[in-house]
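**Q** After the sequence you'll find the predicted model.
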Amino acid sequence: MRTFGFPDFLFILQAAQWTIALSLIAFVGGAIGGLLVALGRTSDNAFARRAATVFVQVFQGTPLLLQLFLIFFGFPVMGIDVNPWVAAGTALVLNTSAFLGEIWRGCIEAIPHGQREAADALGLHYVARMRDVILPQAFKIALAPTVGYMVQVIKGTSLAAIIGFTEVTRAGQIVNNATFQPLIVFSLVAGIYFALCWPLSLLAARMERRQAQALAR
């Protein structure tokens, strides 16, 4: 056993770059998947709606930790080797896709029905209607809840420590196992998460206030 020192502080702090990297992968991939899910959920095609609904129900109805386990431990059983990076990234992208898809579906459905009728009256097909009329308006509504959900994505990356991915939480576990000073170690870990999440929470709240003021005019 040794005393917690500055090198340990640096080790945990440097691990934050992997938390940020994993969060960005999850958010970018989840944004692409979430848009597909939202479009599927609001599609005129019955098969697309059912497929998107099943996807959302599976990934919202099961814990992210279980999804990580199934990918990291389940794929090798099928002969597919995955490292912690791939497993964590895949699970977080799929999970984020399901939640962002539902957030964005609600934003799309919040657009007044008259907008759709006007687009139909102009003879716009589905793609043009969504691209030129619905999605630009839904995007403005979706900004605040999307930024707010990024906080959940960052916190969700901590579960990747379970499969050995060395981000902030895993780095904290490694240092704690060597120093046996959990109060210092995990207070630092909590402080790093707070520093990453708090600005996003403030930004999301500010966006919500501005949106509410705009609607009140």
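**A** Arrived safely.
**Q** Next, the residue lying closest to residue 126 once chain neighbours are set aside: phi, psi?
**A** The shortest distance from residue 126 to any non-neighbouring residue, by C-beta to C-beta, 6 or more residues apart in numbering, is to residue 44 (6.1 Å). (Each C-beta comes from the backbone N, C-alpha and C, glycine too.) Phi and psi for residue 44, reported as degrees, to the nearest 10, are phi -80, psi -10.
**Q** these two touch, right, residue 44 and residue 129?
**A** No. Counting by C-beta atoms under 8 Å, residue 44 stays clear of residue 129, with 10.0 Å between them.
**Q** which of these two has more neighbours?
**A** Just comparing residue 44 and residue 129: by other C-beta atoms under 10 Å the higher neighbour count belongs to residue 129, 19 against 8.
**Q** okay but the more buried one is in contact with residue 121, surely?
**A** No. With contacts counted by C-beta under 8 Å, residue 129 stays clear of residue 121, the gap being 10.8 Å.
**Q** Name the residues of the helix or strand bottoming out on mean pLDDT in the chain that come out as buried.
**A** The helix or strand of the chain with the poorest confidence is helix 113-121; it has a mean of 77 (mean pLDDT, DSSP states H and E). Within helix 113-121, the residues that count as buried by 16 or more other C-beta atoms under 10 Å are residue 119.
**Q** Export that helix to PDB, keeping only CA atoms.
**A** Provided in PDB are the C-alpha atoms of helix 113-121 (Å, rounded to 0.1, in the frame of the first residue of the first chain):
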ATOM      1  CA  HIS A 113     -50.000  18.800 -38.000                       C
ATOM      2  CA  GLY A 114     -50.900  21.800 -40.200                       C
ATOM      3  CA  GLN A 115     -47.200  21.900 -41.300                       C
ATOM      4  CA  ARG A 116     -47.500  18.400 -42.700                       C
ATOM      5  CA  GLU A 117     -50.800  19.200 -44.400                       C
ATOM      6  CA  ALA A 118     -49.200  22.300 -46.000                       C
ATOM      7  CA  ALA A 119     -46.300  20.200 -47.200                       C
ATOM      8  CA  ASP A 120     -48.700  17.600 -48.700                       C
ATOM      9  CA  ALA A 121     -50.600  20.400 -50.400                       C
END
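**Q** What is it packed up against?
**A** helix 126-129 (3 or more C-beta pairs under 8 Å, 6 or more residues apart in numbering; DSSP states H and E).
**Q** Distance from the chain centre to the following helix or strand past the helix it packs on, please.
**A** Where DSSP states H and E defines the elements, the next helix or strand beyond helix 126-129 is helix 135-156. Distance of helix 135-156 from the chain centroid (C-alpha atoms, centre = their mean, to the nearest Å) equals 9 Å.
**Q** got the angle for the helix or strand just after helix 135-156 vs helix 135-156?
**A** Downstream of helix 135-156, the next assigned helix or strand under DSSP H and E is helix 168-179. Calculated by axes from the mean of the first three to the mean of the last three C-alpha atoms, to 10 degrees, helix 168-179 forms an angle of 10 degrees with helix 135-156.
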